[in-house]
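Engineer: heads up, no residue letters with this:
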């Protein structure tokens, strides 16, 4: 199909209008899942190898292509949000252009050519622009993490547009001309891209099949043609079986992605909503989506939608949605082109708005693709009604067309203004969450985020008020623990302990002492106490709770295992390293079995076991345990590099304790070289590794009787500590003691 100048001008207009509506999105910051999945995700720090970035989900399951694009943005732009917003807008513009091409091609097909063919380009441009600038799309465009949704939509529209181009070329019989395999291959590739972007794209092959049924049929079926020769169509589809086989291969990709990351999908961890209750709530949600599509006022970043109950609330929206489904089914069976928009709308919501109980009952970004069906139906409906009115009342058709164009322009301008206003809320985390809170003071996440925002600002009293309100809304949520984690990251262990104690008090009052959420908060309090140096209290708290943890959480739960480790650590401190090692053997084995050999908790238990073995004098077993744990890491990734470093550090110390100083130096040198290659010369990790290497070399020199070399090395280390840490720092004082011992050893004997 040749591309005329009018098509290029219309496409350029779509792109420019879309960019104008989102030009202020570049001032947006990271919000919600952006914070832990992009801003604080160490997996995006390096681009190579790309498959690590593709599965770099931090707390949430990763979608390969979106996460790879996040890593590319990080590599090009750094951690600033600007570059991420630029990519999001580019994806949205590409999606709008793909939608424009899809609609233009479809309006020119035999089934619709007579009614819309002459106006296909302007109508497609209007539909694409209204869809692109609609404020309902801001959550999928300005909220960076929801690139997952917009990238899926871009690929889905591109796949449908490519299939429409192939259909426009005609479906020749097997003995006829060559099939348009280029467009078909592009359609399959884009479909696979959509499924590698989000699991909901599994419906895309069905959407393409529906397009085949409505618009690629041979002979063509018009609005007044009752020809629904299913047998002939099935034969035509069978001739295209290799194409459909390529589409369906993407289902295997989605299945593998879900299987690999099953533990990260919140829907698989615990049942959030009963499936039937969730399904009966969705008609109400669907009508809510349609209301926002028609009147985009009252949007929220987060909807805490209650599960519907009672016939008065369930039956009216259920009847409305069932009526729309019935009309769509009737039109589909009769092969009416108008039914296509209904099919695409319901398919677009099929995964999240059906019987599968997704954790979030309602989310605005889910309308990214279905909104195209709504806009198409409205625009073509208005045009059809205007044509009918012009014919009935003998109006000037050109004048009616101009009036419609002005009305479309005004609508696009109004929607663009609303989008600009909506984008302005994303300029700060507090603005977007205050917007949610003001609309719904009982929103759990709004209270949770505002607690964190005020805590960061040093407003402790306000922070605790919002956190307490969040716990009151849902006592099982670890709100105080989450805030405490930031304090621990910043070294404020006393603040972390205070917050964990407050959260524990509130949860115990609401849930009782043996509830799983309470036990997990106790586990976080234990960690905070241990980091603060209050190991005795941590061990006592674990001893009081360990029986309940084993019973309620299970012996393989990370919290239970961490508590077991705290108890063993206290036994080591009390001088019973042998008894601690005996218990830690079982704990480490349980961690390896339940959590996997490369889990952080497993590594912590391995390190603790090795320490107990070293202090009990079992150096060969300690070395064996450490080497076995290191061997489990076939190739350290961004997730496990620090764990391997800790294991190797302990191994080097164990080898040195066994008197094999040359081997310890070789290990330290390899670690220093690896840190330098990965981080550069002046990175803290590189400097730390170099210091440990120097200490190992000093110990080797002293063991070999070269006390002068040992004295020189300890002197350099002590001088560096004086400059960096000062004379009163414990590390400086430790090195001063080592230096004095080296001086004494190097002094000439009388």
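Structural biologist: Perfect, thanks for sending it. Owing to the predicted nature of the structure, the values given are computational and were not obtained by experimental measurement.
Engineer: now do the domain split for the protein, please.
Structural biologist: Each domain of the chain is listed here as a residue range: 5-421, 659-750, per automatic domain parsing.
Engineer: state the distance from residue 180 to residue 6.
Structural biologist: For residue 180, the distance to residue 6 equals 23 Å [C-beta to C-beta, to the nearest Å]. Just so you know, the C-beta spots here come from the backbone N, C-alpha and C atoms, and that holds for glycine as well.
Engineer: so for these two, which sits in the more crowded spot?
Structural biologist: residue 180 (19 against 11; other C-beta atoms under 10 Å).
Engineer: tell me the contacts of that one?
Structural biologist: Counting by C-beta atoms under 8 Å, 6 or more residues apart in numbering, residue 180 touches 165-166, 169.
Engineer: before we move on, what about residue 317?
Structural biologist: Contacts of residue 317 by C-beta under 8 Å, 6+ apart are 283-284, 286-287.
Engineer: quick one: residue 233 and residue 114, what's the gap?
Structural biologist: Note on residue 233: its distance to residue 114, by C-beta to C-beta, is 21 Å.
Engineer: so which of those two has more stuff around it?
Structural biologist: residue 233 (18 against 11).
Engineer: pLDDT score for that one?
Structural biologist: Looking at residue 233, its pLDDT stands at 79.
Engineer: over to residue 175?
Structural biologist: Per-residue pLDDT puts residue 175 at 39.
Engineer: got it, and residue 366?
Structural biologist: With respect to pLDDT, residue 366 scores 96.
Engineer: one more: the one 4 residues further on?
Structural biologist: According to the per-residue confidence, residue 370 scores 98 in pLDDT.
Engineer: tell me how far it lies from residue 512.
Structural biologist: 44 Å.
Engineer: show me the shaky parts of the stretch 301-450 of the chain.
Structural biologist: Flagging of the stretch 301-450 of the chain using pLDDT under 70 yields an empty set of residue ranges.
Engineer: for it, what spans make up the helices?
Structural biologist: Listed in chain order, the helices of the stretch 301-450 of the chain (DSSP state H, counting those that start in this stretch) span 311-333, 339-348, 370-393, 397-424, 429-439, 444-456.
Engineer: can I get these in JSON lines including distance to residue 539?
Structural biologist: Shown next, in JSON lines, are the helices of the stretch 301-450 of the chain (distance: least, C-beta to C-beta, whole Å):
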{"stretch": "helix 311-333", "distance to residue 539": "52"}
{"stretch": "helix 339-348", "distance to residue 539": "55"}
{"stretch": "helix 370-393", "distance to residue 539": "55"}
{"stretch": "helix 397-424", "distance to residue 539": "52"}
{"stretch": "helix 429-439", "distance to residue 539": "38"}
{"stretch": "helix 444-456", "distance to residue 539": "28"}
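Engineer: out of these, which is closest to residue 90?
Structural biologist: For the helices of the stretch 301-450 of the chain, proximity to residue 90 was assessed by C-beta to C-beta; helix 397-424 is nearest, at 16.0 Å.
Engineer: output the contacting helices and strands for the closest one.
Structural biologist: Under the contact criterion of 3 or more C-beta pairs under 8 Å, 6 or more residues apart in numbering; DSSP states H and E, helix 397-424 touches helix 5-21, helix 120-133, helix 138-141, helix 370-393.
Engineer: can you tell me what sits against the last one?
Structural biologist: In this structure, residues lying in contact with helix 370-393 by C-beta under 8 Å, 6+ apart are 99, 103, 115-116, 119, 123, 126-127, 130-131, 134, 136-137, 157, 289-290, 293, 338, 341-342, 344-345, 348-349, 395-397, 400, 404, 408.
Engineer: hmm, 6 Å instead?
Structural biologist: With contact meaning C-beta atoms under 6 Å, 6 or more residues apart in numbering, helix 370-393 is reached by 99, 126-127, 130-131, 136, 293, 341, 344-345, 348-349, 397, 400, 404.
Engineer: what does the third one give?
Structural biologist: Helix 138-141 is contacted by residues 88, 92, 146, 149-150, 364-365, 368, 419, 422 when judged by C-beta under 6 Å, 6+ apart.
Engineer: chain center to stretch 329-347: distance?
Structural biologist: 33 Å (C-alpha atoms, centre = their mean, to the nearest Å).
Engineer: nope, stretch 53-71 is what I meant
Structural biologist: Put simply, stretch 53-71 sits 7 Å off its chain's centre (C-alpha atoms, centre = their mean).
Engineer: got it, and stretch 107-127?
Structural biologist: With C-alpha atoms, centre = their mean, you get 38 Å for stretch 107-127.
Engineer: same check on stretch 664-677?
Structural biologist: 34 Å.
Engineer: what comes up buried for it?
Structural biologist: Going by neighbour count (16 or more other C-beta atoms under 10 Å), the buried part of stretch 664-677 is 664-669, 671-672, 674-676.
Engineer: avg pLDDT for that stretch?
Structural biologist: 91.
Engineer: out of everything not next to it in sequence, what's closest to residue 716?
Structural biologist: Once flanking residues are discounted, residue 716 sits nearest to residue 694: 6.9 Å by C-beta to C-beta, 6 or more residues apart in numbering.
Engineer: mind checking pLDDT for the residue nearest to residue 86 when sequence neighbours are not counted?
Structural biologist: Distances taken as C-beta to C-beta, 6+ apart put residue 26 closest to residue 86, at 6.8 Å, once the chain neighbours are dropped. Predicted confidence (pLDDT) for residue 26: 95.
Engineer: surely residue 26 and residue 83 touch.
Structural biologist: No: here residue 26 does not reach residue 83: they are 9.3 Å apart, not a contact under C-beta atoms under 6 Å.
Engineer: which residue packs closest to residue 593, ignoring adjacent ones?
Structural biologist: residue 556 (6.8 Å).
Engineer: sorry, back to before: so for residue 370 and residue 512, which residue has more residues nearby?
Structural biologist: Neighbour count, other C-beta under 10 Å: between residue 370 and residue 512, residue 370 has more, with 24 against 9.
Engineer: what about the chain, any weak spots by pLDDT?
Structural biologist: For the chain, applying pLDDT under 70 flags the ranges 1-3, 170-179, 217-230, 263-272, 749-750.
Engineer: filter the buried residues of stretch 664-677 down to the ones in helices?
Structural biologist: Assignment to helices by DSSP state H places the following of the buried residues of stretch 664-677 there: 664-669, 671-672, 674-676.
Engineer: and for residue 626, the neighbour number?
Structural biologist: For residue 626, the neighbour count with other C-beta under 10 Å is 26.
Engineer: give the contact list for it.
Structural biologist: Taking C-beta under 6 Å, 6+ apart, one finds 610, 647, 650-651 in contact with residue 626.
Engineer: likewise for residue 92?
Structural biologist: Applying C-beta under 6 Å, 6+ apart, we find residue 92 in contact with 141, 150.
Engineer: done for today, thanks.
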